[in-house]
Every structure is written in structure tokens, then in C-alpha cells.
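Asks: Fold the following.
(2 chains)
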Protein chains: 2
Amino acid sequence: MSGGEAELIRTYFRGMTASQEGVVLGVGDDAALLRPRPQRWLAASCDTLIGGVHFPEDAPPEAVGHRGLAVNLSDMSAMGAAPAWALLSLTLPEEDPAWLDGFSRGFAALADGHGVALVGGDTTRGSLSITVTVLGHVAEHGALCRGGARPGDGIWVTGTLGDAARGLECWRTGPHPLTGDAAWLAGRLLRPEPRVAAGRALAGTATAAIDLSDGLALDLSRLLGESGAGATLDLDALPASDAFRAADGEVRHMLHGGDDYELCFTLPPAAEGGIGEIQRSAGVAMTRIGTVDAEPGLRGRAGGAVRTVEPRGYDHFGGTR
Amino acid sequence: MSGGEAELIRTYFRGMTASQEGVVLGVGDDAALLRPRPQRWLAASCDTLIGGVHFPEDAPPEAVGHRGLAVNLSDMSAMGAAPAWALLSLTLPEEDPAWLDGFSRGFAALADGHGVALVGGDTTRGSLSITVTVLGHVAEHGALCRGGARPGDGIWVTGTLGDAARGLECWRTGPHPLTGDAAWLAGRLLRPEPRVAAGRALAGTATAAIDLSDGLALDLSRLLGESGAGATLDLDALPASDAFRAADGEVRHMLHGGDDYELCFTLPPAAEGGIGEIQRSAGVAMTRIGTVDAEPGLRGRAGGAVRTVEPRGYDHFGGTR
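Replies: Here you go, the predicted structure:
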């Protein structure tokens, strides 16, 4: 990191780089120095958001800052890890103090809420792009992976589905500023709440987990593929928010709409009795939406009929993915 | 990381993601799982390269892959750390198999040479940009920082200076393909060799270190600023390669030209006797180029005269930085 870059990060992200547990040396030298916790594995993930691809270009800068970190914290939650440190690489067309101020406030508020220290980064000139690397801790052998689901396991999700996909439609059609249900739904798109506490509560109990970035059908199919299994969903059980229902949200939003950043996980039958305690500890509702099958592929039951569910996601900003 | 991204990384970077010491789980889940070494601090750095800003847009893809990792390994070397793991975020205008093949070969060759495992990453569509995060290990309390230089310490550099700056001029003026000295100098720009072994050999002995990304004058000034000191350089002692001399390289290239990726470090007088052994262990020549002063600022002595050296770097691809 050059001196100018460190200065910019110090200016806009002050407070976040303060000394924190495990940080020997933060922003400003050639690298950060960190003290990993003993008897823990380190979880590491890295995600890039491109303006106009991963968020609307006219999104408030505070939401972009929040989202840049949230998608990585969501990856941590899907591993059952406790996030500890972040590195931020920010590419901007120009140094815009008002934008940077909003961006850093959004980033810092979420980081502070999860006890995450910003320990390094880089700033460059170019098309708007945000890359965040997050490091966290998870008990040895206690991580949640994608490949552990077994036939007979229940399939569960946190929170509600489809809000972000319906929220994007609200954001696009306006009128702005959005109000009421439309504003709430757009908020679910712009400021997703990573399910960090849920992931930590499920570590050691869930057999598999994934976070829902590209939509339930596609992400669950990935989990099932890694597990060598299939599943049948109860489409009538998919959890919907009141706002989603009031705004005429459809099942396609819940199955194929991305950006929910809820967790989808599997629980063996013997563990399902403990779900009440896990929900209380995580502070979020969890809903059983189906069962893992030995037969590959994804099916959905609605009323009495069973149909195939395509492992198709939807790229909000570009097309099918 | 989505399934398609993992697939792309598996396709182009296979081999690099193979099981390696300390890697519990590599590319393909929501996060990598890593086993840090006991009694070591973790060093973490993150750098972004933008096409046309940090490398010529017509640079060979293999050189871009090399460089994307090299600048981060250089940061590790400046901390005295042993690099272990990398995460790669690659943004491309389009999926170009030939380009990706070259890029991945350049990245993999350097990673393999340093025992670095690619454990995670992300691929997105957009303007060409490469962000790499590298994690490494350093003995507790043994890291090289910028702030430890003291008056009387000798100032040293590895290798030779100015080659990359002169090499860029050769690259720009052609004719291509470059040959002889011009090709060698351009190679120093396109494929910098991070001084990892030198950094590790100096850890615990050097009082301060920084890698030369923005040029000696600017980077040394940063080190001196963090140390609360100044320095006088012996301009006649700056190490030049034969190719640099033959190509009429000038002292401005050596002082203000960026992208050398050599290490600049300070040694207390009592340690200077051991430099021969350190050079042998590092496999690179090291040259004493000046002395740390109590008086702030950077000065240069040439012949009998002393003049001020401006802490000015040069952005090859944009202007002064």
C-alpha cells in the first residue's frame, strides 16, 4: 500500500482501523500483522462488486459500502465462521469526498456491528469496483461446508425469500423516494443483513450450508451437487415477508431471485428438535422448506403436484445467470 | 463464490488449488479454510492492478498474471513474511480463453515458485482489473516494519534500480519484439521478481524495510517518515545493471522510477558485518546507498555536493504521483 492510499483510508475509515483484538499492526505498512486465535481454522473469502452489475449505479454510497462488506460476511456466515478482519480494495473513477464519506459510513457501521477491523486495503483509479477480503475464525472441524447434506435431512432457510428481487423491481419503477413496502423491499436489496449469528449457531449442527446470493434454486442446487443428492421443496412453505405479499411478490422471486443473502442449510432429523433454541440464539426465524432426497435434481411440490425446479438464477442487472 | 466462478478458477488455475500445507479446504465453497501456523503472526496485504494504469494494456497476459501476484509477494517480502495463500479477484471485459490461459500460467508459475496456494477468488465482468490478497506467516515480533530506522543505520537496497522505468520507455518506443538490453529492461517491468527470500533473511536483523513500488525517493521517504528520521543518499553508489547503463539509464530513473520491486531496508552498524551471509542466503546482491540522519528530509550526495532529493515518484502510466 502506498502512503497516499493509506492516508485516504485513514481519512475516510478512521475508527475502523483502531486497535482491536488480534490486530498487531493495521493499515499503513506493507501488510497488516494479525494474531490468529489458537485452535481455530481461518476462513477466508473474497468478493468483487461492480457498479451496474452487482448493485444499481444510482444506489446510495452508504448502501454500496454496506453491501461490499455484507456479501463477504454472508460467506463467513455460510461457513459458520466469526468474521474478524477485512481488507478493502476500492477502485473509483474520481476521488469524490461526499461519495467516499457515505461509502465509508455504510462499511464502518456494518463492520462495527460485527466487530470486524479494517486492516488493509488499496485505492485505485478506474471504473467503480469494490473488492473485499474477509478473514474469520471457526472451530477446527466445526465449519459448515456445502457437501455434507444427506437424504432425509431437512432443508431450512433463515428469514424470508424474494424480497430483494421484488425490491429491485420497486427500485427500478419508482417513484423515488420509495416509501412503505416498496422502500422496505428495496432496503432488503441494498442493505442485506448477513446472517452471521445464525451461521455461528448452526456450526457443528447443520450438515451443510450456503448463502443465497444467486437465488434459492441455483444456490441450493450447488449445495446438493456438492453433497451428491437432490431435494424436494414444499413451495407452499417458502417464507415470505408481509411486504412481499402486499407487493404481489411471486414464487419466481423466491426461487430464482438473487441477493437475499439468507442462509440455506440442512439439518439431520435428530437435530430438528433443537431449532427453536438455535433461532433464539441467532435472532432470526428459520423455516423448513423441504427434504433432501437421494434422487438428484430439484423438485417442487405445490398443492398435490410435483414439478421440476430449474437450477436457474437471475442476474438482476444483466440477464439470466 | 458462485459455482460458475469456482468452475472458471478450477479450469484455468488447476494444480494451484491442489491440497497444500495448511489448506483444509480450497476453492469451491463459500470460503477457504486454512490452518495458520502456531506461534506465527499472519501478514495480510491486498493490491489492485488496473489495466492501463498499473501495467501497459498490451502487456502479455502471462506477464499480467505474474505481476498481479508479484506486487503482493513483494509486500510480504517487505514484512519479512513467508507467503502461504492467495485469493484472486479477476474482472474481465469478456471471457477470453487464450488470455485467461496466459494469465493463469504467469500467476501459477510464480505461485508455485514460492509455494503459494490459490485458495479462493471471484471472477466478474467489467473493465480489466486484478485484485490479489496474499496471506503469509512471520515469526511473532520478527516482522519488518517501516518505522524502526534509527540515525546511523545504513540504507541498503537489493538488486538494481531504475530498470523498470527505463524498460517502460523501451516498451513504449519499440520496435517490438524487443531484443537484447531493451527486452531485459522491459522484463524487469513486466515480470518483477519479488524479493521474498531477502525479506525472510532480513527479518529480525533489519530495523525497517519497504518495497520499491513508487520509486526509491518516494518509498524511502515514507519509511523515513514512519521512523521520524531523514537520510543522505550516496547517489554515486546507487546500483545499476549493465543493461541500464548500456541503455543510457539516468539517475532520475533510479530515484523516481517506480516498479522496481526491490527492497529498501536499514541495518544498524553492528549488523552490517553479517550482510555477506544474508546476501548468500537471499541469492541477491545488496548495496549500501546511504545513511539515516536525525535531520528530516532526503538528501543526495554526488561528487562533493549535497542536494535535496524530492520525495517524488512517477506514475508510468498517468503522470506524477
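Asks: State the distance from residue A:76 to chain B.
Replies: 6 Å (CB to the nearest CB, to the nearest Å). Quick note: C-beta positions are derived from backbone N, CA and C, even for glycine.
Asks: Is chain B within reach of stretch A:130-150?
Replies: Yes: counting by CB under 8 Å from any CB of the partner chain, chain B is contacted by stretch A:130-150 at A:131, A:133-136, A:138, A:143, A:145-147.
Asks: Now that stretch: average pLDDT?
Replies: Stretch A:130-150 carries an average pLDDT of 95.
Asks: Return the distance of residue A:193 relative to chain B.
Replies: For residue A:193, the distance to chain B - CB to the nearest CB - is 17 Å.
Asks: what's the burial count for that residue?
Replies: 18 (other CB atoms under 10 Å in any protein chain shown).
Asks: which ones are touching it?
Replies: A:70, A:261 (CB atoms under 8 Å, 6 or more residues apart in numbering or on different chains).
Asks: coming back round to it: and the residues of stretch A:130-150 next to chain B, which is closest to residue B:41?
Replies: Comparing the residues of stretch A:130-150 next to chain B against residue B:41 with CB to CB picks out residue A:135 as the nearest, at 13.0 Å.
Asks: and the host helix or strand of that closest one, what does it pack onto?
Replies: In this assignment (DSSP states H and E), residue A:135 forms part of strand A:129-139. Applying 3 or more CB pairs under 8 Å, 6 or more residues apart in numbering or on different chains; DSSP states H and E, we find strand A:129-139 packed against strand A:40-50, helix A:61-79, strand A:82-92, strand B:40-50, strand B:82-92, strand B:129-139.
Asks: Does the fourth one reach chain A?
Replies: Yes: Strand B:40-50 lies within reach of chain A by CB under 8 Å from any CB, at B:41-50.
Asks: Direction-wise, compare that strand with strand A:82-92 and give the angle.
Replies: Orientation of strand B:40-50 against strand A:82-92 (axes from the mean of the first three to the mean of the last three CA atoms, to 10 degrees) gives an angle of 20 degrees.
Asks: Quick one: the strands in the stretch 201-321 of chain A, in order.
Replies: A:208-211, A:230-234, A:263-267, A:286-293, A:297-302, A:305-308, A:314-315, A:319-320 (DSSP state E, counting those that start in this stretch).
Asks: Which residues does stretch A:268-278 contact?
Replies: Identification of contacts with stretch A:268-278 by CB under 8 Å, 6+ apart yields A:150, A:152-154, A:156, A:198, A:201-202, A:205-207, A:267, A:286, A:288.
Asks: In PyMOL, how would I select just the buried ones from those?
Replies: A single PyMOL command is used to select the members of the contacts of stretch A:268-278 judged buried by 16 or more other CB atoms under 10 Å in any protein chain shown:
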select buried, chain A and resi 153+154+156+198+201+202+205+206+207+267+286
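Asks: Among the contacts of stretch A:268-278, which lie within helices?
Replies: Under the assignment DSSP state H, the contacts of stretch A:268-278 contribute A:198, A:201-202 to helices.
Asks: got CSV for the residues you listed, with pLDDT too?
Replies: Converted to CSV, those look like this (pLDDT from 0 to 100):
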residue, pLDDT
A:198, 98
A:201, 97
A:202, 97
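Asks: Serialize those to a markdown table and add fields for distance to chain B.
Replies: Listed next are the ones in helices among the contacts of stretch A:268-278 as a markdown table, based on distance: CB to the nearest CB, whole Å:
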| residue | distance to chain B |
| --- | --- |
| A:198 | 13 |
| A:201 | 16 |
| A:202 | 13 |
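Asks: Any regions of chain A where pLDDT drops low?
Replies: A:1-7, A:14-19, A:314-321 (pLDDT under 70).
Asks: Using the record, which stretches count as separate domains in it?
Replies: Using automatic domain parsing, the domain parsing of chain A gives A:3-139, A:154-320.
Asks: Which residues of the stretch 101-250 of chain A lie near chain B?
Replies: The interface of the stretch 101-250 of chain A toward chain B, taken as CB under 8 Å from any CB, is made up of A:119-122, A:124-127, A:129, A:131, A:133-136, A:138, A:143, A:145-147, A:209-211, A:213-214, A:218, A:222, A:225-226.
Asks: show me where the stretch 101-250 of chain A has helices.
Replies: Assigned helices in the stretch 101-250 of chain A, in chain order: A:163-173, A:180-190, A:196-202, A:216-227, A:242-246 (criterion: DSSP state H, counting those that start in this stretch).
Asks: how about the fourth one: buried residues?
Replies: Okay, so that is helix A:216-227. Using 16+ other CB under 10 Å as the test for burial, helix A:216-227 gives A:216-224, A:226-227.
Asks: coming back round to it: highest mean neighbour count out of the domains of chain A?
Replies: domain A:3-139 (a mean of 22; mean count of other CB atoms under 10 Å in any protein chain shown).
Asks: Tell me the gap between that domain and the middle of its chain.
Replies: 14 Å (CA atoms, centre = their mean, to the nearest Å).
Asks: repeat for stretch A:129-143
Replies: That offset, for stretch A:129-143, works out to 12 Å (CA atoms, centre = their mean).
Asks: mind saving the C-alpha coords of stretch A:196-208 as CSV?
Replies: The C-alpha trace of stretch A:196-208 is given here as CSV (Å, rounded to 0.1, in the frame of the first residue of the first chain):
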residue,chain,number,x,y,z
VAL,A,196,-23.5,-14.2,10.9
ALA,A,197,-25.1,-15.2,14.3
ALA,A,198,-27.2,-17.8,12.5
GLY,A,199,-24.2,-19.4,10.9
ARG,A,200,-22.3,-19.5,14.2
ALA,A,201,-25.3,-21.0,15.9
LEU,A,202,-25.6,-23.7,13.2
ALA,A,203,-21.9,-24.6,13.1
GLY,A,204,-21.5,-28.1,14.4
THR,A,205,-25.2,-28.9,14.0
ALA,A,206,-26.1,-28.3,10.4
THR,A,207,-24.8,-30.8,7.9
ALA,A,208,-24.4,-28.3,5.1
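Asks: Regarding the nearest residue to residue A:38 once chain neighbours are set aside, what is its secondary structure?
Replies: In this structure, residue A:38 finds its nearest non-sequential neighbour in residue B:38, 7.1 Å apart by CB to CB, 6 or more residues apart in numbering or on different chains. What DSSP: H, G, I helix; E, B strand; the rest coil gives for residue B:38 is coil.
Asks: Now the phi/psi pair for residue B:38, please.
Replies: The phi and psi torsions at residue B:38 (degrees, to the nearest 10) take the values phi -70, psi 150.
Asks: hang on, the earlier thing: which one of the ones in helices among the contacts of stretch A:268-278 is nearest residue A:98?
Replies: Nearest to residue A:98 among the ones in helices among the contacts of stretch A:268-278, with distances taken as CB to CB, is residue A:198, at 34.8 Å.
Asks: so can I have a markdown table of the helices and strands packed on strand A:129-139 showing distance to residue A:100?
Replies: Converted to a markdown table, the helices and strands packed on strand A:129-139 look like this (distance: least, CB to CB, whole Å):
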| stretch | distance to residue A:100 |
| --- | --- |
| strand A:40-50 | 16 |
| helix A:61-79 | 8 |
| strand A:82-92 | 8 |
| strand B:40-50 | 16 |
| strand B:82-92 | 21 |
| strand B:129-139 | 18 |
